[in-house]
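Colleague: model the following, please.
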Amino acid sequence: GTIQCSTLCNNDQITLDAESVNSTKRMVGGEFCVNLRGLEHYAEHGYKGMISGDPMGGWKSPDTATSGAHVDSSNNWVTIPYTCNRGIVHNGDLPHLSAP
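Modeller: So this is what the prediction gives:
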């Protein structure tokens, strides 16, 4: 499996450490995305879109902002926003990507 883990700190620590931590090292935004079709998705798009020519493998950014998981039933992509103290565990065999 694979574990995606954002910075494990709380807002107080970020405030206290702001002067000592380079602000470019802190994560802002971004999303973890996983496709539930597995091998079927790879057969259609290839690894990193080498067959379809789409490096995002058909993933589209959700139209609505959410703090939780967003499931796009039209293409089987699950999108989970990165946020402080959120760990994401998934089967590493499933097609996945990080989006800005």
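Colleague: since we're on His96, how many residues are nearby?
Modeller: Other residues lying near His96 total 19 when counted by other Cβ atoms under 10 Å. Glycine gets a C-beta too; all of them are placed from N, C-alpha and C.
Colleague: who does it bridge with?
Modeller: Val34 (DSSP bridges).
Colleague: how close does it sit to Gly49?
Modeller: Distance of His96 to Gly49, computed by Cβ to Cβ, to the nearest Å: 13 Å.
Colleague: just the helices in this structure please.
Modeller: For the chain, the helices defined by DSSP state H cover 11-17, 39-45.
Colleague: okay, the last one in CSV with CA atoms only?
Modeller: I take that to be helix 39-45. The C-alpha coordinates for helix 39-45 follow below in CSV (Å, rounded to 0.1, in the frame of the first residue of the first chain):
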residue,chain,number,x,y,z
LEU,A,39,-6.1,-2.0,-14.3
GLU,A,40,-9.0,-1.0,-16.6
HIS,A,41,-7.9,2.6,-16.2
TYR,A,42,-4.3,1.8,-17.0
ALA,A,43,-5.5,-0.2,-20.1
GLU,A,44,-7.3,3.0,-21.3
HIS,A,45,-4.9,5.7,-20.4
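Colleague: give the contact list for the residue nearest the centre of the chain.
Modeller: The centroid of the chain falls nearest to Phe32 when counting by Cα atoms, centre = their mean (0.7 Å). Phe32 sits next to Gln4, Thr79, Ile80, Pro81, Tyr82, Ile88, His96, Leu97, Ser98, Ala99 when contact means Cβ atoms under 8 Å, 6 or more residues apart in numbering.
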